[in-house]
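Q: heads up, no residue letters with this:
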């Protein structure tokens, strides 16, 4: 799985394939290509155009195996914002890709909390066994961490919220939880690395089906 034979299934045109392979070749040289985690580091670095991101990625409690098992089981993927939902690949697997913003409007109004965190609260029962992908909202990641404290167990949490208000702290908190997770250290992050990590796991899953 770490041999230089895999491709990005999303690069489905000649130009797209050329761009993908050029970026991958450079990333393999700089980041390394020895483990499945290296593949995610490569893709996250490419997504932000900065190889520093590769060294900031953190993997806890076997997240790649957990993500592959969840995809095999058809577990839902729940994202914090529309941009993340749009970016996650939706073909060649059977997992529905949901957005928390479509849920919990009344909870948000009643409690004055962010729409993303209210959405996860509304989806609490669905979070159990799901893949969570949070690329923007620290409040959503904090809400998921509270659910974990309450005994809810998502299959995998990918958390790379960005910014200067609770982004770093929410990811630090995630890494203390007994749950499979992929995150990054510090205030950097955002939708690109969150989507990149999820799509690389989907690519690995597709390879297992061939």
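A: Noted; the coordinates are in hand. What you see is a predicted model, and the numbers here were worked out from it, not measured in a lab.
Q: Can you classify the residue lying farthest from the centre of the chain by secondary structure?
A: Among the C-alpha atoms of the chain, the one most distant from their mean position (CA atoms, centre = their mean) is that of residue 110, at 29.0 Å. With DSSP: H, G, I helix; E, B strand; the rest coil as the basis, the three-state label of residue 110 is helix.
Q: Which residue ranges of the chain form helices?
A: For the chain, helices defined by DSSP state H occupy the ranges 14-31, 36-48, 52-56, 63-72, 82-87, 105-111, 115-122, 124-127, 138-149, 167-174, 191-208.
Q: List just the one of the ones you listed that sits closest to residue 184.
A: Each of the helices of the chain was scored for nearness to residue 184 using CB to CB, and the closest is helix 52-56 (4.4 Å). Yep, even glycine has a C-beta here, placed from its N, CA and C like the rest.
Q: and that closest one, what does it pack onto?
A: With contacts defined as 3 or more CB pairs under 8 Å, 6 or more residues apart in numbering; DSSP states H and E, helix 52-56 has these neighbours: helix 14-31, helix 36-48.
Q: mind listing what the nearest residue to residue 61 once chain neighbours are set aside touches?
A: Spatial nearest neighbour of residue 61, chain neighbours left out: residue 180 (4.4 Å); criterion: CB to CB, 6 or more residues apart in numbering. Going by CB atoms under 8 Å, 6 or more residues apart in numbering, residue 180 touches 60-63, 65-67, 155-157.
Q: Among those residues, which one lies nearest to residue 144?
A: The closest of these, once distances to residue 144 are taken by CB to CB, is residue 157, at 6.1 Å.
Q: Quick check: the closest one touching residue 134?
A: Yes - between residue 157 and residue 134 there is a contact under CB atoms under 8 Å: 7.4 Å.
Q: And the buried ones among the contacts of residue 180, selectable in ChimeraX?
A: Buried members of the contacts of residue 180, identified by 16 or more other CB atoms under 10 Å, are gathered into one ChimeraX selection as follows:
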select :60,63,66,67,155,156,157
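Q: Determine which two of the contacts of residue 180 are furthest apart.
A: 65 and 157 (14.4 Å).
Q: ok, now how distant is the residue farthest from the centre of the chain from residue 95?
A: Here residue 110 is placed at a distance of 30 Å from residue 95 (CB to CB, to the nearest Å).
Q: Distance to residue 35 for the contacts of residue 180 - can I get that in JSON lines?
A: Listed next are these as JSON lines, based on distance: CB to CB, whole Å:
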{"residue": "60", "distance to residue 35": "15"}
{"residue": "61", "distance to residue 35": "16"}
{"residue": "62", "distance to residue 35": "12"}
{"residue": "63", "distance to residue 35": "12"}
{"residue": "65", "distance to residue 35": "12"}
{"residue": "66", "distance to residue 35": "16"}
{"residue": "67", "distance to residue 35": "15"}
{"residue": "155", "distance to residue 35": "20"}
{"residue": "156", "distance to residue 35": "17"}
{"residue": "157", "distance to residue 35": "20"}
